[in-house]
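# Got a predicted structure here, sequence first:
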Amino acid sequence: MQVPVGEFRFDVEVSGPEDGEPVLLLHGFPQNRHSWDAIVPELNRAGLRTIAPDQRGYSPGARPAGADSYALPLLGADAVGVLDALGVESAHVVGHDWGAVVAWYLAAENPSRVRTLTAMSMPHLEAYWWALRNDPVQRQLSQYIAFFTDEASTAALLADDAAMLRSLFGPSVAQDQVERYLALHTQPGVLDATLNWYRSGSLLDSSERLGMVSAPTTLISSDWDRAASRKAVEKAGDHVSGPYRLVTLEGVSHWQPEEAPERITAEILERVGGRA
């Protein structure tokens, strides 16, 4: 379905029982709402109502030009706008990668809208920024961001039948799922729009402080993930005042929703308290 938010229209998949507790699912880069395909049916069977939008740049009706249009407060406002349009006062919020960044932002800046938080891969931004200042491992891991912020990265990622973009996923994501993501990002203008999440500077701009999170929170990390260092992940709990749980998946890469959907589903249900 298409959900209007201001001047934009977001493609959103809503499923599950109408009276189920709402769960907002926020995808990462370079995925879309289909990253939750193996998880949504299980959450629905547990009695939860899922809301999975294609976020700004990913939805054809919400693809403004210019990096400034992708600043984190705007991305957070989109998520709130989707909830408002669907008449949802508050939701359990689940995010992976960039979706986790937006989820942390919502939990810190709009606490009344977030019942619980389940974040994957990315820690609270204050922990991430601390690691960028103090942890050489995190600085090394984050070097890819400079490439993504370069305007030339779009052509480089799409060259040779999107060989570099394809390589980001590695062997852990099923080929048909990779092809689905590539079918989106090889459309004219899409990759430039989704890379604007990086080009906005939000991920590296620590001048804007992010507050404490009071919602019950789970952070799911994995030992083969290269997005955040161990020190960054372990620092995240310092920025949560509510009940907090850190989970580390062994033998799992960055692509947790596609690679370990059963474990991710179990952790979401444990945090949400979904009905079996």
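Nice, thanks for sending it over.
# Where does pLDDT dip in the protein?
274-276 (pLDDT under 70).
# in it, which spans are helices?
Assigned by DSSP state H, the chain shows helices spanning 40-45, 72-85, 98-109, 125-134, 136-141, 144-149, 153-167, 175-185, 190-199, 230-235, 256-259, 261-272.
# Could you give the number of residues near Arg133?
Number of residues near Arg133 (other Cβ atoms under 10 Å) recorded here: 9. The way it works is simple: take the backbone N, C-alpha and C, and place the C-beta from them, glycine included.
# likewise the one 3 residues further on?
The number of residues packed near Pro136 is 10, by other Cβ under 10 Å.
# Distance check, Phe147 against Ala155.
12 Å (Cβ to Cβ, to the nearest Å).
# higher neighbour count, these two?
Remark: of Phe147 and Ala155, Phe147 carries more neighbours, 14 against 10, as counted by other Cβ under 10 Å.
# Contacts only, for Arg180.
By Cβ atoms under 8 Å, 6 or more residues apart in numbering, the contact list for Arg180 reads His34.
# And stretch 265-276, what's buried?
By neighbour count on 16 or more other Cβ atoms under 10 Å, the buried set for stretch 265-276 is Thr265, Glu267, Ile268, Leu269, Arg271, Val272, Gly274.
# now, among these, which is nearest to Ala131?
Of all the buried residues of stretch 265-276, Ala131 sits closest to Glu267, with 22.8 Å by Cβ to Cβ.
# need the contact list for the closest one.
Applying Cβ under 8 Å, 6+ apart, the residues near Glu267 are Thr118, Thr218, Ile220, Val247.
# Can you add neighbour count and give those back as CSV?
CSV is the format used below for the contacts of Glu267 (neighbours: other Cβ atoms under 10 Å):
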residue, neighbour count
Thr118, 28
Thr218, 21
Ile220, 27
Val247, 18
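# Which residue is the nearest non-sequential neighbour of the residue positioned nearest the centre of the chain?
The residue lying closest to the centre of the chain (Cα atoms, centre = their mean) is Gly99, at 1.5 Å. Once flanking residues are discounted, Gly99 sits nearest to Leu26: 3.2 Å by Cβ to Cβ, 6 or more residues apart in numbering.
# The one you found against Asp97, yeah?
No. If you go by Cβ atoms under 8 Å, Leu26 and Asp97 don't touch, sitting 9.1 Å apart.
# And these two? Which one has more around it.
Leu26 (30 against 26).
# Any idea what the more buried one is bridged to?
As for beta bridges, Leu26 partners with Gly95 under DSSP bridges.
# Now do the contacts for it.
Pro53, Gln55, Ala79, Val93, Val94, Gly95, His96, Trp98, Gly99, Ala100, Val102, Ala103 are the contacts of Leu26 under Cβ under 8 Å, 6+ apart.
# number of nearby residues for the fourth one?
When you say that, I think you mean Val93. With other Cβ under 10 Å as criterion, Val93 counts 30.
# gap between it and Gly99?
Taking Cβ to Cβ, one finds Val93 at 9 Å from Gly99.
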